[in-house]
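In: Take a look and give me a structure for this.
(2 chains)
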Amino acid sequence: MTIQFNEETFRDDYTFKNSDWAIKRFPFPFHEDSYMYAVNMEQHRGGPDGSVYEKRFDVDEHYVAEMKDRAMVLNDDPLRCQSLPHMTLAGWDLLELIMVSKSEDYPDLFELHRDGDQWHWINKPLGIDDKFTFMDETTLPYGPMEYITRQTQGDFCVLDQRDDNLWMDAGIVTTQADWSLDFDIGMNFFEWHAPVPLAHEKGIFVRALKFLLNIQQGSPARRLNWTMTVNPLLDTSPENYHKWGVQKTTLTPENIGEKQHLRVELQTFFRLPRSNALVFPIRCYLCSFQDLMTVPKWGRRLHRVIRDLPVELATYKGFIDNRPMMLDYLSKFDDGKPTSDGIWPDLETEPALEK
Amino acid sequence: MSKFKFPESIKSRPVYGTLEPRAGKAHLFVADAEGAEAILDVAKADKDLVANAHIIYIPKNTGDTYVKKLEALKPQQMYVGPSYAASVTRLQRTLADAHMGLQVYLTGTEGLMGQAMLEATNAGIPYTAIQTEHRGSVARRMQCVHCKGITEDVIMDPFVCSHCGLNLFVRDHYSRRLAAYQGVCIDAEDPGNVPEAVELYK
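Out: Have a look, this model is predicted:
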């Protein structure tokens, strides 16, 4: 299909909106009626037609608007994109991976023509047509990682692998769930995850690291993660928390359906060929509560998950104060009926809400 | 009493040990304030080691308390500086001139150890090969995550950022690259509602 790109904003007047298509393909992160941390990794080898899993780097109706928002964030704070000096080669690896994947997966939107190291890249949605020399930084307007990730939805962490650990040595981070690349750059896997509660004690990070260290070229992996955001604000950065934090207090029983968004991260992991680095794209999808409630299964399940979530997680994810109001709203969409396994909406087979 | 047992914390928070003599071709001590006591303890264990060492010492509020005692160890080189900032170019030069086999010992406040470790790692020494021992004040070097300004010797939580004036709470999340803990606005969701400041670990 041809994608109609939305004109919309993720700040100020918040005109962001999901079409029916985007709602039905939203990566709902709960495969059962409860949630706890797990090493929920699977192969990233496609998925159902039209789902966010289908392509290596999903492009959706928000693409152009998200790239405009990223450019604004970087203009205000260039430290959101950093690469330690030894990571440039990994940046070229990433540029190649994205250009090859997008031109193969979306030939109507992206073209890559290569003649030796003379490359020609055409990005139709963003109106970019650039010729450059592969591995020659002077022929691009930005470093290779920044150049390509200014054209790709999602945050990107590029992880160096050494000493049996992964090191956050480069990245572009403008749609983050409240963590700072500028603070965390240079840290190892355990250090940058240090503030996460409960998961260390459960051995989650030790097992996850073991898995990630062994990811091979051509065999990417993926998992979903989630949090909550009031208003469809992409840039929930700690840097600007003193500006956006107060928005959390604007929820009312009347506006919660429209303002409260479930924020889902599709995290993927690709081994890079020359540098042996691991690239970790974190793609953010937002969906308002009222749009989620159009899928009866998701309405039932979201209520149960939020109701039963441990206090530590609700606190860490930043919605402990708003949880009672969320539950008042969500309980109207839970009639107590059982739900089918898995994350998919199952609109044809799940019963309508009886309440 | 210059020793303090830090409570268990998250995995980005540095853990300090006790300095012990290690075989090496050269020895560099960087210390501030009560850190001098840790150097004196090393000298008790191995007098010759310290006599072959280079000591960079910043007394801070301890004044002359330890300077004569350190001089009495007759280190090969000794520098007493008025501040870390004043001594850092000397430290950089020392590290630039260093050869394989240098042992680095850092002791005193967390801010001093963190900043000197950053210089040492910038010079190519792995952080895991550097010995540290905390002594003296438990104040922290804090970075404001909002304006990026550093506030030195923070002992109260919350505190006011010395650059942008926001009310920040003290996190245990620590960056070796910045040699600082992270300070985050405490009243973002309820402006003006700032709890009374409490001394760290009290």
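
In: which ones are touching the residue of chain A found nearest chain B?
Out: The nearest approach of chain A to chain B comes at A:Gly245, 3.0 Å away (CB to the nearest CB). (C-beta placed from N, C-alpha, C; glycine too.) When contacts are counted by CB atoms under 8 Å, 6 or more residues apart in numbering or on different chains, A:Gly245 touches B:Cys185, B:Ala188, B:Glu189.

In: Quick check: phi and psi on the closest residue to chain A within chain B?
Out: Of all residues in chain B, B:Ala188 sits closest to chain A, at 3.0 Å by CB to the nearest CB. Main-chain dihedrals, B:Ala188, degrees, to the nearest 10: phi -60, psi -40.

In: before we move on, back to that, most neighbours among the contacts of A:Gly245, which one?
Out: For the contacts of A:Gly245, the largest number of neighbours (other CB atoms under 10 Å in any protein chain shown) sits with B:Cys185, at 24 neighbours.

In: Report the residue ranges of every domain in chain B.
Out: Residue ranges for the domains of chain B, per automatic domain parsing: B:26-134, B:140-199.

In: State the pLDDT value of A:Pro197.
Out: Model confidence at A:Pro197, given as pLDDT, is 87.

In: What distance do you get for it to A:Leu309?
Out: Applying CB to CB, to the nearest Å, the value for A:Pro197 to A:Leu309 is 12 Å.

In: and these two? which has more neighbours close in?
Out: Higher neighbour count among A:Pro197 and A:Leu309: A:Leu309, with 18 against 15, using other CB under 10 Å.

In: Let me know the helix or strand that the nearest residue to that one once chain neighbours are set aside is in.
Out: Leaving aside its sequence neighbours, A:Leu309 sits nearest to A:Tyr35 (CB to CB, 6 or more residues apart in numbering or on different chains; 6.2 Å). Element membership for A:Tyr35, per DSSP states H and E: none, as it lies in no helix or strand.

In: OK, contacts around A:Tyr35?
Out: Going by CB under 8 Å, 6+ apart, A:Tyr35 touches A:Pro29, A:Val305, A:Asp308, A:Leu309, A:Leu313.

In: Then A:Ile215?
Out: A:Ala221, A:Phe269, A:Phe270, A:Arg271, A:Leu278.

In: Assign A:Leu286 to helix, strand or coil.
Out: Assigned by DSSP: H, G, I helix; E, B strand; the rest coil, the conformation of A:Leu286 is strand.

In: How many residues are close by it?
Out: A:Leu286 has 21 neighbours, counted by other CB under 10 Å.

In: Can you check my assumption that the residue of chain A closest to chain B lies in a strand?
Out: No - going by three-state DSSP, the assignment for A:Gly245 is helix, not a strand.

In: residues touching the closest residue in space to A:Pro310 that isn't next to it in sequence, list them.
Out: Spatially, and ignoring its direct neighbours in sequence, A:Pro310 is nearest to A:Leu198 (7.2 Å; CB to CB, 6+ apart). Residues in contact with A:Leu198 (CB under 8 Å, 6+ apart) are A:Tyr37, A:Pro310, A:Glu312, A:Leu313.

In: For A:Leu198, give me the backbone phi and psi.
Out: Dihedral angles (degrees, to the nearest 10) for A:Leu198: phi 70, psi -30.

In: Mind putting the contacts of A:Leu198 into a markdown table with pLDDT?
Out: Below are the contacts of A:Leu198 laid out as a markdown table (pLDDT from 0 to 100):
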| residue | pLDDT |
| --- | --- |
| A:Tyr37 | 86 |
| A:Pro310 | 95 |
| A:Glu312 | 93 |
| A:Leu313 | 94 |
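
In: and of those, the nearest to B:Val154?
Out: Comparing the contacts of A:Leu198 against B:Val154 with CB to CB places A:Glu312 closest, at 26.3 Å.
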